[in-house]
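Q: sharing a model prediction with you, sequence too.
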Amino acid sequence: MNDLISKLGDWNPQFFREIKGRLKGFNIAIAIAVSLFGQLTLFLYQLREIPTEFYSTEGEYCFLRPEVLEKRQLFNRQIENLYQQISQHSKIHPSGKSKITELQLQIDQLQQKVSELSNQYCPIEQLNMPMWWRDHWQYIFSTLTVVFIFALLVAGTYLLIDNLATEERRGTLNFIRLSPQPATSVLIGKMLGVPILVYLVILSALPFHFIAGRSANIATSHILIFWIVAIACCIFFYSAALLFGLYFRWFSGFQPWLGSGAVLLFLIITMQSLWSSPYVTSAGIWIKFFSPFDITAYLFPNFILYRYKWEMLQEVQFFYLPIGKNLLGLVSLHLLNYGLGTYCLWQGLTRCFRNSNTSLFSKGQSYFLVACTQVLLWGFTLQYTKNYSHYCPPKGACVSFYDVNYQMTQNFGLILVLNLILFFGFLAILSPHRQTVQDWARYRHQNVSGEQSVRNNFWLTDLIWGEKSPILVAALICLAIASTPVVIWLFLVPILNTPQTSNLNLWINQVNRLNLILGVAMFVTLMMICAAIVQRALFMKTKKRFLWAFGFVVALFFLPQFTLTILQITPSIHPTLWLLSTFPWAGLEFSSTPVIFVAWLGELAILGLLIWHLFEEVKILGESATKALLVKD
């Protein structure tokens, strides 16, 4: 045992440190007792509904149920016919009460027979006990599955974030950072060690979970696949929890509750969405696939909600590849989704662990993330699915057809919103503050020997890849990556067009394509203006410069549209004003190409002034820093 503990400490000292304080006799006993007590309670709770000699013949597990229901329907039809006879007799012979009394007596007799059917008990030998036990184990299996998901993800994320917050308050986290252990070793040790008691509770229930699944006639392969997906899901959410705990430290003691609460809310929303059919043609369905509930419902068709149309997942495509046609494709999709998300999270984790003040991602990593996001968004948009025209013949079914333009316009709003969230997120993460830019400006103003390579001293290279340089060039590259698929689509619209598109009344056919491309250019210019304002606000000397930047962006992004709406200035009457707002799309349909082009030139002029002012400020920062060094000398 001592050799095992010693080897464990040599393999991962951080893991050994975490479990040494948690795996004590009392804690282990409590964890196992809680697990066993929960399993026993669940089994007994379901056992209370076992059919007895007082089980109704109309119950689901009685062999006589079809015969009884058939008799009930027959009696109900006879009762309905008698009521119709009473109604007809009352109209023909209003004073003939004797006939009505006779018919009412027959109705009472039939209702008595229906009541007797409802009060009959199913004989013991007529009970379908194998079916009841199968459903009993199915209920236990489904309940344990839900408990596993919520316990692992919600409790695990809370413990990890709380552990990092506690280490930060005690000052031991800086001590761990200074240790010679690699960052990956420390973080893996925390992922394995901090929720160790949660793992112990789940491991104690795994045999019961497996037995319940096999007793419910669930394939062993499906149970094992669920466990594999659950492990990948835990790795993703635990990585996100560690990153949240390391980077977002200003929430103080509320941080664990906020992180675990966000996970809980996400799980509840995705679980509730099982009631409705999954919108598999949505560009953002990959976000929903971070939840394990869809693949769980696919693996276990009777999982909790019998109305879940798990067959819809078989229609999932990625760049027209039918990855949802078989189980291997769907499982691979979930695992790749978790793998890509975990990889991106660990890029930030390895950067923030040693230096919590650094940016979450480098500029090069941000370009990679934006490109990957576009691949996912457009990959799930391009699916070979049927569309239906808005015009349906008076006699006949609606005409179905395939039109890629229709599917793209259906997802364009979602793609735009997700890209905006991504863009402003990178602005918040990558935009350097005053002191960082001042250090960069000081470095750029150092004397450079003329014999050195021009390529190594080219300032544009530093603006593209340097982490301390202003954000403008990096923001332009991110916007270019996100806008390129849209521009390519606008150029290919005539090729992708189908005869039925005219019936759809698509905005893509109402607006000149050149105007749309100019609209994309205007939107990119407006986003660059936002980036320039954010970067300039972060140069302020106040400590609340981030709040000032946030306020400027909110005002620029929402105030023009809000003002135009309040003043009832509609795009059809005053399209130019809408072109100058942060939502130029509304005015494109009602504006000519020269007007749109002039409006874009005006925005470019504003952007040029902002960039000139920004780099003048950077130059002043660099000069003041250099002068300060000369005075000291």
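A: Yes, it's here.

Q: domain ranges for the protein, per the record?
A: For the chain, automatic domain parsing gives the domain ranges 2-48+130-354, 65-126, 430-446+457-632.

Q: and the shortest one, how far apart are its ends?
A: Same thing as domain 65-126. End-to-end distance of domain 65-126 (Cα to Cα, to the nearest Å): 10 Å.

Q: helices along the stretch 151-300 of the chain, start to end?
A: Here the stretch 151-300 of the chain has its helices, by DSSP state H, counting those that start in this stretch, at 156-170, 172-177, 183-193, 196-215, 220-247, 255-272, 285-288, 293-299.

Q: and of those, who's closest to residue 531?
A: Of all those, helix 220-247 sits nearest to residue 531, with 21.2 Å by Cβ to Cβ. For every residue, glycine as well, the C-beta is placed using N, CA and C.

Q: just checking, what packs against the closest one?
A: Here helix 220-247 is seen to pack against helix 129-150, helix 156-170, helix 183-193, helix 196-215, helix 255-272, helix 293-299, helix 327-354 when contacts are counted using 3 or more Cβ pairs under 8 Å, 6 or more residues apart in numbering; DSSP states H and E.

Q: so which of the domains of the chain gets nearest residue 423?
A: Nearest to residue 423, of all the domains of the chain, is domain 430-446+457-632, at 6.3 Å by Cβ to Cβ.

Q: for that closest one, the averaged confidence score.
A: Mean pLDDT, domain 430-446+457-632: 78.

Q: what are the buried residues along the biggest helix by length in the chain?
A: In the chain, taking DSSP state H as the definition, the longest helix is helix 593-632. By neighbour count on 16 or more other Cβ atoms under 10 Å, the buried set for helix 593-632 is 595-597, 599-600, 603, 607, 610-611, 614, 617-618, 621-622, 625.

Q: nearest to residue 441 among those?
A: Of all these, residue 441 sits closest to residue 622, with 2.9 Å by Cβ to Cβ.

Q: and the closest one, how far from residue 253?
A: Remark: distance between residue 622 and residue 253 (Cβ to Cβ, to the nearest Å) = 41 Å.

Q: kindly report the same for residue 37.
A: Noted for residue 37: a distance of 31 Å to residue 253, by Cβ to Cβ.

Q: could you do residue 317 as well?
A: 46 Å.

Q: have a look at these two and say which one is more surrounded.
A: Applying other Cβ atoms under 10 Å to residue 317 and residue 253 shows that residue 317 carries more neighbours, namely 20 against 10.

Q: now the helix or strand hosting residue 377, how far from the centre of its chain.
A: For residue 377, the enclosing helix or strand under DSSP states H and E is helix 363-381. Put simply, helix 363-381 sits 15 Å off its chain's centre (Cα atoms, centre = their mean, to the nearest Å).

Q: what about it, average pLDDT?
A: Helix 363-381 comes out with an average pLDDT of 91.

Q: for the buried residues of helix 593-632, which one is nearest residue 165?
A: Closest to residue 165 out of these is residue 621 (34.9 Å), distances taken as Cβ to Cβ.

Q: who touches stretch 169-182?
A: For stretch 169-182, the surrounding residues in contact (Cβ atoms under 8 Å, 6 or more residues apart in numbering) are 13-14, 164, 167, 186, 353-354.

Q: what residues sit buried inside it?
A: For stretch 169-182, by 16+ other Cβ under 10 Å, it's 173, 176.

Q: then that stretch to PDB, C-alphas only?
A: Presented in PDB, the C-alpha positions along stretch 169-182 are these (Å, rounded to 0.1, in the frame of the first residue of the first chain):
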ATOM      1  CA  ARG A 169      -7.400  33.400  -0.500                       C
ATOM      2  CA  ARG A 170      -4.900  31.400   1.400                       C
ATOM      3  CA  GLY A 171      -2.100  32.300  -0.900                       C
ATOM      4  CA  THR A 172      -1.200  28.600  -1.600                       C
ATOM      5  CA  LEU A 173      -2.100  28.900  -5.300                       C
ATOM      6  CA  ASN A 174       1.000  31.100  -5.900                       C
ATOM      7  CA  PHE A 175       3.100  28.500  -4.000                       C
ATOM      8  CA  ILE A 176       1.700  25.900  -6.400                       C
ATOM      9  CA  ARG A 177       2.500  28.100  -9.400                       C
ATOM     10  CA  LEU A 178       6.100  28.400  -8.200                       C
ATOM     11  CA  SER A 179       6.500  24.600  -7.900                       C
ATOM     12  CA  PRO A 180       8.500  22.700 -10.600                       C
ATOM     13  CA  GLN A 181       5.400  20.700 -11.600                       C
ATOM     14  CA  PRO A 182       4.200  21.300 -15.100                       C
END
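
Q: got phi/psi on residue 62?
A: Here the main-chain torsion angles of residue 62 (degrees, to the nearest 10) amount to phi -100, psi 130.

Q: list the contacts of it.
A: 51, 55-56, 68, 122, 126-128.

Q: reformat those residues as a markdown table; add secondary structure and neighbour count.
A: As requested, these are exported to a markdown table (DSSP: H, G, I helix; E, B strand; the rest coil; neighbours: other Cβ atoms under 10 Å):
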| residue | secondary structure | neighbour count |
| --- | --- | --- |
| 51 | coil | 19 |
| 55 | coil | 20 |
| 56 | strand | 18 |
| 68 | helix | 18 |
| 122 | coil | 23 |
| 126 | helix | 15 |
| 127 | strand | 20 |
| 128 | coil | 17 |
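
Q: of all those residues, which two lie farthest apart?
A: Going by Cβ to Cβ, the pair spanning these furthest: 51 and 68, at 15.0 Å.

Q: spatially central, which residue of the protein would that be?
A: Residue closest to the mean C-alpha point of the chain, counted by Cα atoms, centre = their mean, is residue 287 at 3.4 Å.

Q: what separates stretch 535-554 from the chain centre, distance-wise?
A: Offset of stretch 535-554 from its chain centre (Cα atoms, centre = their mean): 29 Å.

Q: next one: stretch 588-602
A: Distance of stretch 588-602 from its chain centroid, counting by Cα atoms, centre = their mean, is 37 Å.

Q: alpha carbons of it, as CSV, please.
A: What follows is stretch 588-602, C-alpha atoms only, in CSV (Å, rounded to 0.1, in the frame of the first residue of the first chain):
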residue,chain,number,x,y,z
LEU,A,588,-30.0,48.4,-47.6
GLU,A,589,-33.2,47.5,-49.3
PHE,A,590,-34.3,51.1,-49.6
SER,A,591,-31.0,52.7,-50.6
SER,A,592,-29.2,53.0,-53.9
THR,A,593,-25.6,51.7,-54.4
PRO,A,594,-24.0,55.2,-54.6
VAL,A,595,-25.7,56.2,-51.3
ILE,A,596,-24.5,53.1,-49.6
PHE,A,597,-21.0,53.6,-50.9
VAL,A,598,-20.9,57.2,-49.7
ALA,A,599,-22.1,56.1,-46.3
TRP,A,600,-19.3,53.5,-46.2
LEU,A,601,-16.7,56.1,-47.1
GLY,A,602,-18.0,58.3,-44.2
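
Q: what residues does it touch?
A: Counting by Cβ under 8 Å, 6+ apart, residues outside stretch 588-602 touching it are 507, 510-512, 514-516, 518-519, 521-522, 525, 571-572, 575-576, 579-580, 584.
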